[in-house]
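Asker: for reference, the sequence and a predicted model appear below.
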Amino acid sequence: MQGSVRTHLAALVALVVLAPVAGAQELARPDARETPAAVAAPAAPSRDAASVAVRAPVAAADATVGEGAVAAAQFGRGETLMIVGGAALLAGLIIGDDAGTVIAVSGAIVGLYGLYVYLGTN
């Protein structure tokens, strides 16, 4: 018992002492980093400024997206029903027993109806 406590204490001390010098999260030395170019702050809050995601720079010409590209990115009613039906079918198979069977059969019905709607509209 006494040796175990000493081992844990030694490991804790080593972690506390060596953590700052390890630099595990550091990609480059501070003196080797380049300073980013000065970017003018926007005059008003914007959606881009509120986002914390990493983004690639976008040219001004690429920033405008036509309505056709937005419409192509959305699912139709039939496609949505097929996805929801497939998810319910899978969930019902995972659940199993009588309740899972009901969910799986319901999901299959919704998925098949979605297929009917999809094929009827195209």
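Answerer: In hand now; what should we look at?
Asker: for the chain, give me the ranges with low pLDDT.
Answerer: 1-3, 12-42, 48, 58-73, 121-122 (pLDDT under 70).
Asker: got the contact list for stretch 111-122?
Answerer: Contact with stretch 111-122 is made by 76-86, 88-89, as judged by CB atoms under 8 Å, 6 or more residues apart in numbering. All C-beta atoms are positioned from the backbone trio N, CA, C, and that covers glycine.
Asker: would you turn those into a markdown table with secondary structure, neighbour count and distance to residue 49?
Answerer: Converted to a markdown table, the contacts of stretch 111-122 look like this (DSSP: H, G, I helix; E, B strand; the rest coil; neighbours: other CB atoms under 10 Å; distance: CB to CB, whole Å):
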| residue | secondary structure | neighbour count | distance to residue 49 |
| --- | --- | --- | --- |
| 76 | coil | 14 | 34 |
| 77 | helix | 11 | 35 |
| 78 | helix | 18 | 38 |
| 79 | helix | 15 | 34 |
| 80 | helix | 14 | 32 |
| 81 | helix | 20 | 38 |
| 82 | helix | 21 | 38 |
| 83 | helix | 14 | 33 |
| 84 | helix | 14 | 35 |
| 85 | helix | 20 | 40 |
| 86 | helix | 15 | 38 |
| 88 | helix | 19 | 40 |
| 89 | helix | 19 | 43 |
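Asker: any idea which of those residues is closest to residue 110?
Answerer: Distances from residue 110 to the contacts of stretch 111-122, taken as CB to CB, are shortest for residue 85 (3.5 Å).
Asker: could you measure from the residue lying closest to the closest one once chain neighbours are set aside over to residue 91?
Answerer: Spatial nearest neighbour of residue 85, excluding adjacent residues (CB to CB, 6 or more residues apart in numbering): residue 111 at 2.6 Å. Going from residue 111 to residue 91 by CB to CB, to the nearest Å gives 12 Å.
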